[in-house]
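Trainee: Starting from these lines, generate the structure:
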Amino acid sequence: MLSGRKKIPRSAQFLIGFSLWFSLWLVILANASSVSAQYPTQSQIAKDGTSVLIEDYASLPLSNATRGGLDWAAVDFTKQLGRVTSVRSEPANAPLSASRFFVIDQSHTIYILDKATKKFTTYINFAEVFPKFQSDSGITAGVVSIAFDPGYAKNGKFYTVHTEDPRLPGTADPINKNLPGLNLKGFSTSPVVQPPAGETLLESVLTEWTDTNIRNATFEGTSRELLRLAYVRSHPMDDLLFNPLVRPGQPDYGNLYVSVGDGASGETPGPQHSLPQQLNNFMGKIIRITPDLTLHPQDQLSANGRYRIPSTGPDPNPFISVAIARPEIFAYGLRHPHRMDWDPVSKALLVNDIGDHYWEEINIVTKGANFGYAEREGNEQFFVDSQGKTTSLMNPPVAFPDRDLIHVDGLDEPVNPVYPAAVYSHKDGDSIGSGFVYRGKLMPQLRGKYIFNDMPSGRIFYVDLAEMIATHGQRNHQAPIHEIQLYYKSSANGSGKNGEKIRMYTLVAEAFSQKGGKPLPERVLPAGGAFTTGWKDAEHRKPKTDPEGVAYGGGRADIRVVMGGDGELYLLSKSDGMIRKLTGVVTPPPATK
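Mentor: As a prediction, the model looks like this:
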């Protein structure tokens, strides 16, 4: 013990520690923006000077949306040229994980991309395997997502989601004529799960694949259908994710998280509007299942007998004991939770939820949480019978409820909705893309920032993760969002001007034209939703501008942020079928006050 110092009592130590913690929390909270529930009249996301360098990485083979049984080979150059939606790496202990990516082209194919040669090799062409495969029914159909089992290096298992159209003639049973390594012995389709209300047209299919040789670029093995969900036209089963924080023997090991869209039910007047808030269906939920039937044999078996449901031990699913609930549900009250990221440092599970006509959300997901949709969107109340308008846009404006509670059938008490950790309006974009907490080496100044994008406009944003965690769940208190500017470094196959600052939207438009793209009149990029006519609300039809007032052209860039197994960030763009890489910081974010 050092002489001359008095020992501080434990009670005083606690008060000092608490005061320091509380002061830090107040500083973080003060730096976070108070986002008003009033719908803004102009863009709110500003450029703070942060800028990064972007370089071409790879160019996808040309592709076109297709429907099973139809000719899909011809490319329509007025549409998206390579519908790249996801890039995933195998687990680090897989033998080839450092040398290749698995790349999803939504049109029909999972490719293997050799990192050294940038050569694409067809791994599985879904249009050739599944007779009812469908990717031309909208911007969400096709090959949707892929996730690798944590034991992939030994068992070769991975999981995919794709879309099928049951109205097409013939059987849904897969064929292996063009994929001879696929062993179909014992394969059977699963019973389709229908929502309790509303019509359905399409089906989302969750499939388990077992590759018996993961050291080559061809698929050889078996497949097993786990779940088939019916929905009407959009917002299908979305992303797939395993918990990266757990190890074999821990309760959550081997559990697959699946984000499920609401099938457009929440924005549809009538009984289907409330499906995201009902616990008796999969629409608008995050579900958690155990594909390996032998991993937790004491857990509940699914209704179709294809997987188990975490129901025993220290971490069961939250609604196991609710009589009317689907036991698979982990969280609910979402619209289109199309992409998830699990940050291993903060342990935060972040989900980007595409809004209806007015607000886009980043949510921090916790077990049992209700995120409010389709009764809430952003910080506002949602009115489906008024074309999806929110509280402040009603005429006259509607006061927010005095008690912010939602009644949920099957639960004894009303539920407080959990609000987004960050949010932006359709004055700044139309459709939130994917995002990741950056922990890589090339851009050290951005570590701890959640980097994400708006898909149609091509804008790239960041938000501080610590600020999101500090304000998470509070209405009208979200972390501020900042725009990232891009400097482009061209290559032999590039577009744009080397070394110049450029908007991603402009870069995609130039590459689309150089690759043979033929925009329709009054568009510089293909259509596909936002920035085109045909929407029922005026907000989508309004021209979009950046914070300096420069207008974006017609059509949509349709970009996504992805993270490779190397921890670095890549930008995918469907209109020009390109993969680009963020390779350095030109101007770092301003210092935190």
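
Trainee: Could you find the closest non-adjacent residue to residue 166?
Mentor: Counting by Cβ to Cβ, 6 or more residues apart in numbering, residue 166 lies nearest to residue 203, which is 5.8 Å off, once chain neighbours are set aside. C-beta coordinates here come from the backbone N, C-alpha and C atoms, glycine included.

Trainee: Quick check: that neighbour vs residue 414, distance?
Mentor: As for residue 203, its distance to residue 414 is 34 Å (criterion: Cβ to Cβ, to the nearest Å).

Trainee: Residue 518 too?
Mentor: With the distance defined as Cβ to Cβ, residue 518 ends up 54 Å from residue 414.

Trainee: ditto for residue 392
Mentor: Applying Cβ to Cβ, the value for residue 392 to residue 414 is 23 Å.

Trainee: out of those two, which sits in the busier spot?
Mentor: It is residue 392, of residue 392 and residue 414, that has more neighbours when counted by other Cβ atoms under 10 Å, with 18 against 11.

Trainee: Can you tell me the element the residue nearest to residue 166 falls in?
Mentor: Taking DSSP states H and E as the criterion, the element that holds residue 203 is strand 202-211.

Trainee: Adjacent strands (with direction) for that strand?
Mentor: According to DSSP bridges, the neighbouring strands of strand 202-211, each with its direction, are strand 157-164 (antiparallel), strand 221-231 (antiparallel).

Trainee: any chance of those in a markdown table, plus distance to residue 313?
Mentor: Listed next are the strands paired with strand 202-211 as a markdown table, based on distance: least, Cβ to Cβ, whole Å:
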| stretch | distance to residue 313 |
| --- | --- |
| strand 157-164 | 22 |
| strand 221-231 | 21 |
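
Trainee: Tell me which of these is the most buried.
Mentor: Among these, ranked by average contacts under mean count of other Cβ atoms under 10 Å, first place goes to strand 157-164 (a mean of 24).

Trainee: distance between the very next helix or strand once past that one and the chain's centre?
Mentor: Past strand 157-164, heading to the C-terminal end, the next element that is a helix or strand (DSSP H and E) is strand 182-183. Taking the mean C-alpha point of strand 182-183 and that of its whole chain, the gap between them comes to 30 Å (Cα atoms, centre = their mean, to the nearest Å).

Trainee: Wait, residue 171 touches residue 131, no?
Mentor: Yes. Between residue 171 and residue 131 a contact is recorded at 6.5 Å, counting by Cβ atoms under 8 Å.

Trainee: So between these two, which is more surrounded?
Mentor: Neighbours per residue (other Cβ under 10 Å) separate residue 171 from residue 131, with residue 131 holding more: 18 against 10.

Trainee: What segments of the stretch 351-500 of the chain are helices?
Mentor: Assignment of helices within the stretch 351-500 of the chain using DSSP state H, counting those that start in this stretch yields the ranges 465-471.

Trainee: ah, wrong one, I meant the stretch 1-150 of the chain
Mentor: Taking DSSP H, counting those that start in this stretch as the criterion, the stretch 1-150 of the chain carries its helices at 10-31, 126-129.

Trainee: A strand includes residue 259, no?
Mentor: Yes. Judged by DSSP: H, G, I helix; E, B strand; the rest coil, residue 259 forms part of a strand.

Trainee: wait, what's in contact with it?
Mentor: Contact analysis of residue 259 by Cβ atoms under 8 Å, 6 or more residues apart in numbering lists 237, 238, 239, 241, 285, 286, 334, 337, 338, 339, 340, 351.

Trainee: now residue 59
Mentor: Residue 59 is in contact with 82, 118, 493, 515, 577, 578, 579, counting by Cβ under 8 Å, 6+ apart.

Trainee: Could you check how far the residue most central in space within the chain is from residue 293?
Mentor: Here the mean C-alpha position of the chain is nearest to the C-alpha of residue 339 (Cα atoms, centre = their mean), at a distance of 1.2 Å. Relative to residue 293, residue 339 is positioned 28 Å away (criterion: Cβ to Cβ).
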